[in-house]
Each structure stands twice: as C-alpha cells, then as structure tokens.
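In: sequence-free structure coming up:
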C-alpha cells in the first residue's frame, strides 16, 4: 500500500474493491469472447448486459441505449464526428465552450479543418456559460451543442438542463460530457441526445467508457468492423472491464448520498484550512465540492507539487500536463499566466479520510511557506493591534 496521500480524483480514482471482484472471473476461467455463440461466450455476453444496465441505472436514464467504448475520449470523438457526419445539409456548425475538455475542443478543431464551422463561447470569471449567450448563437446551421456538465479542472457545474432544450428548439443535437458528473450530480439525460462517461473516474477500471444515445439518435460509427455494439461500434468488448465498470456504477448509485455527504465535509475542512489567503478558481457554489482548484499569488505550483512528495495532487488536467502551457480552463476565466501557474487542484472522494486530508494540507501549506518566506499562507488575514484589543474587550 502506498504511503502517498492521493488527492487527484479528477485524473483517476482508486478502484473500488467491488469493481475488482466483479472483474476477476472474466480474467480467469470465464474468458470467453462475448460475441461467440457457445456457452462461455453467452456467459460473458450476459455479464456485459448486466453491466450495461448498471451504468444506465447510474445515469438515471429510463430510455435510450448505452454503448461501451474504450473510454470517454473515444465516446466524445464518436459523438461529435458521428453527429456532424449525419447532420442534414446546411447544418455544419458546432457550438461549444472554451473550458471544455481537450478531447472535445481538439475534435471540434479537427472538424473545423475539414470544413465545419465552429463557435467557441467564453465563460464568466466563475467558469460558467450563460444560457442566453448560447441561445444567441444558435441558428438553423447548428448541428451540435457540446458542453461539459462538471468541469474536470475547476469543478463548476454548467446549466445543461437549460441549454439542452435550446439546442432542441433550433434542431441541433445536445452532447454532454458527464465524465466528472456520473454518480455524483444529477444528469439531465432527458435534455441530452448523447452523453459520454468513463469508468476510471468512478472507481472502475481504466480502458472502458460509454456513450449513451437517446432514442432515435445514431451517429455515424467512428470505427468499422464487426459492428459488435448495435452495429454502431466495432471491436471485441472486454467483459472484465465492462463488469468492473458496471459494478463501480452500481456502487456509485447505491452510495451517492453517503459519498456526497463525505465530500462536502472534506470540502469544508479544506476551505477552512486554506482560508481566504487562497482564492478559489471558478464559482464557489455552482460546483461539485470534490474538486478544489485554488491559487496563491506568487506561488510556483509546479515546484510545490515537486516539493510535496507525500501527496499526489495536480495543477490541472492530467491530459494537458507536460505541455508547458497554462491551463486553457484557467486562462478562459481571465487568469493571467502567473495566476494560472500559481494554481493547484485538490481532488478528493470516497476513500479520502479527513485525517489524510488534514495531513496533506499541512504538507502543502508548509511547502508553500518555505517557497514564500515571510508571507502567511494559511487562515484569515491577521487583525490589527486595535482590532485585536477591541475583540479582546468585547470578549470580557
């Protein structure tokens, strides 16, 4: 067992023991191909269908179809490219937001190079897009609106439930990246046409994700071959990965209230310890509380992460780490390069203990103080001598 305190839940999550247990039979004696007609194949196929139902239940969807993929990146690529490939003549524009995940923004830019039109909307300093701003750019040429429900870098929650109907009204499809939302916040599936999700973000195995499609929505396949998933997605499914994903999803649905209460408590602990010397990036209320993205002016976040060896945390998206560029999400909030580089992200959840979080914060604050000698880095601003005397007098 690692001694490192893990606070990077947005990058990936520790696997649930229940998910691992569900996978084991299909790594050993039940190794059949789920697309084979014999008994072992049918047994594996049955496990895949159980997992499919478990993920559907976690979404809360009462209709539509779910297709397993290699992950959310494939699901997003399939949804966006497949929707534009099937768009009616005259509809070739995508509307999205500057703070989307790279797999969405890069896919949209790829399609722009192929002749599609692209509208990328700005967000407020809180990281939120105004539904009215979305409505203003929607027209009969829009084929797709792509928007993330819970942002992976700053945790803010976009108003998908309001924006989805706007897309429908203009005849466009609504794609939702629900990777950070699944099992944590309510997913407005009735206002969406396509929803992408990932197993390893909800305590399941890596290498498997899914795309949910509303009834009647069938984007052009991204991969061609045997058409194993409803003639829409080709490739042999991994029953072990699907079973692990399903078990993790079932556990998320079962534990949602307990997990949310635990995360809210950890958020309260963390925000109290860091105090108002650290600034929260993004909205402090319209957000998932398991994501705390904060900055301290003058801090070198990369150096801090290197110095605090006993804690695993990040400066933003794992997908963009090593690029040397400031986070595109923090830049979209209006932060300067210096402010973005002074920001860290702490992600916590089900398996984070309050004791470990306190220890981690101690180490982070200690390293920050060493990096910025002479500057207080914890708690509230000190009171002046007069204020202190007044407070002491009031307490007598």
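Out: Nice, thanks for sending it over. Given the structure is predicted, the values throughout are model-derived calculations rather than measurements.

In: per-domain residue ranges of the protein.
Out: Domain assignment for the chain by automatic domain parsing gives 5-9+255-371, 17-251.

In: least reliable of those going by mean pLDDT?
Out: The stretch with the lowest mean pLDDT among those is domain 5-9+255-371, at a mean of 93.

In: quick one: which helix or strand includes the spatially most central residue of the chain?
Out: The centroid of the chain falls nearest to residue 180 when counting by CA atoms, centre = their mean (2.7 Å). Using DSSP states H and E, residue 180 is not contained in any helix or strand.

In: so how far is residue 290 from the closest residue to residue 182 other than its chain neighbours?
Out: Nearest in space to residue 182, with sequence neighbours left out and distances taken as CB to CB, 6 or more residues apart in numbering, is residue 197 at 4.7 Å. From N, CA and C alone the C-beta is placed, and that goes for glycine too. Remark: distance between residue 197 and residue 290 (CB to CB, to the nearest Å) = 16 Å.

In: same check on residue 23?
Out: 25 Å.

In: what is the longest helix along the chain packed up against?
Out: In the chain, assigned by DSSP state H, the helix with the most residues is helix 239-274. Helix 239-274 is packed against helix 17-23, helix 39-59, strand 291-295, helix 354-371, with contacts defined by 3 or more CB pairs under 8 Å, 6 or more residues apart in numbering; DSSP states H and E.

In: wait, which of these is closest to residue 214?
Out: When the helices and strands packed on helix 239-274 are compared by CB to CB, helix 39-59 sits nearest residue 214, at 11.4 Å.

In: can you lay out the helices and strands packed on helix 239-274 as TSV showing distance to residue 275?
Out: Below are the helices and strands packed on helix 239-274 laid out as TSV (distance: least, CB to CB, whole Å):
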stretch	distance to residue 275
helix 17-23	36
helix 39-59	36
strand 291-295	10
helix 354-371	10
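
In: any idea which of these is most buried?
Out: Highest mean neighbour count of the helices and strands packed on helix 239-274: strand 291-295, a mean of 24 (counted as mean count of other CB atoms under 10 Å).

In: now it and helix 239-274, what's the angle there?
Out: 40 degrees (axes from the mean of the first three to the mean of the last three CA atoms, to 10 degrees).

In: the helix or strand following strand 291-295: how far from the chain's middle?
Out: Next along the chain after strand 291-295, taking DSSP H and E as the criterion, comes helix 301-307. Relative to the chain's own centre, helix 301-307 is displaced by 23 Å; criterion: CA atoms, centre = their mean, to the nearest Å.

In: same deal with stretch 213-222?
Out: 22 Å.

In: who's in contact with that stretch?
Out: 63-67, 74, 77-79, 81-83, 85-86, 173, 189, 192-194, 227, 231-234 (CB atoms under 8 Å, 6 or more residues apart in numbering).

In: show me which of those residues are buried.
Out: Burial by neighbour count, 16 or more other CB atoms under 10 Å: within the contacts of stretch 213-222 this picks out 64-67, 74, 77-79, 81-83, 173, 189, 192-194, 232-233.

In: picking up where we left off before, of all the domains of the chain, which lies closest to residue 378?
Out: domain 5-9+255-371 (4.9 Å).

In: quick check: end-to-end length of the closest one?
Out: End-to-end span of domain 5-9+255-371 (CA to CA, to the nearest Å): 21 Å.

In: wait, isn't residue 115 in contact with residue 92?
Out: Yes - because the distance of 7.0 Å satisfies CB atoms under 8 Å, residue 115 is recorded as touching residue 92.

In: neighbour count winner among these two?
Out: More neighbours surround residue 92 than the other of residue 115 and residue 92, with 19 against 8 (other CB atoms under 10 Å).

In: residues near the residue nearest to that one when sequence neighbours are not counted, how many?
Out: With sequence-adjacent residues excluded and distances taken as CB to CB, 6+ apart, residue 92 is closest to residue 116, at 4.9 Å. By the criterion of other CB under 10 Å, residue 116 has 20 neighbours.

In: wait, residue 116 sits on residue 95?
Out: No - in this structure residue 116 lies outside contact range of residue 95 using CB under 8 Å: 11.3 Å.

In: of the buried ones among the contacts of stretch 213-222, which belong to helices?
Out: Short answer: the buried ones among the contacts of stretch 213-222 in helices (DSSP H) are 74, 77, 78, 79, 81, 82, 83.

In: spatially nearest residue to the third one (excluding sequence neighbours)?
Out: Spelled out, it's residue 78. Residue 78's closest residue in space is residue 222 (CB to CB, 6+ apart), at 4.0 Å.

In: just the element for that neighbour, please.
Out: Judged by DSSP H and E, residue 222 forms part of no helix or strand.

In: do residue 211 as well
Out: Using DSSP H and E, residue 211 sits in strand 209-213.

In: quick check on residue 312: phi, psi?
Out: phi -100, psi 110 (degrees, to the nearest 10).

In: OK, contacts around residue 209?
Out: Residue 209 touches 68-75, 179, 196-199, 245, counting by CB under 8 Å, 6+ apart.

In: contacting residues around stretch 19-37?
Out: 38-45, 47-48, 203-205, 226, 228, 236-241, 243-248, 251.

In: all strands for the stretch 51-200 of the chain, in order.
Out: Using DSSP state E, counting those that start in this stretch, the strands assigned to the stretch 51-200 of the chain run over residues 65-69, 93-97, 117-121, 142-148, 173-177, 194-198.

In: distance to residue 213 for those - can I get that in JSON lines?
Out: Below are those laid out as JSON lines (distance: least, CB to CB, whole Å):
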{"stretch": "strand 65-69", "distance to residue 213": "5"}
{"stretch": "strand 93-97", "distance to residue 213": "18"}
{"stretch": "strand 117-121", "distance to residue 213": "23"}
{"stretch": "strand 142-148", "distance to residue 213": "13"}
{"stretch": "strand 173-177", "distance to residue 213": "10"}
{"stretch": "strand 194-198", "distance to residue 213": "6"}
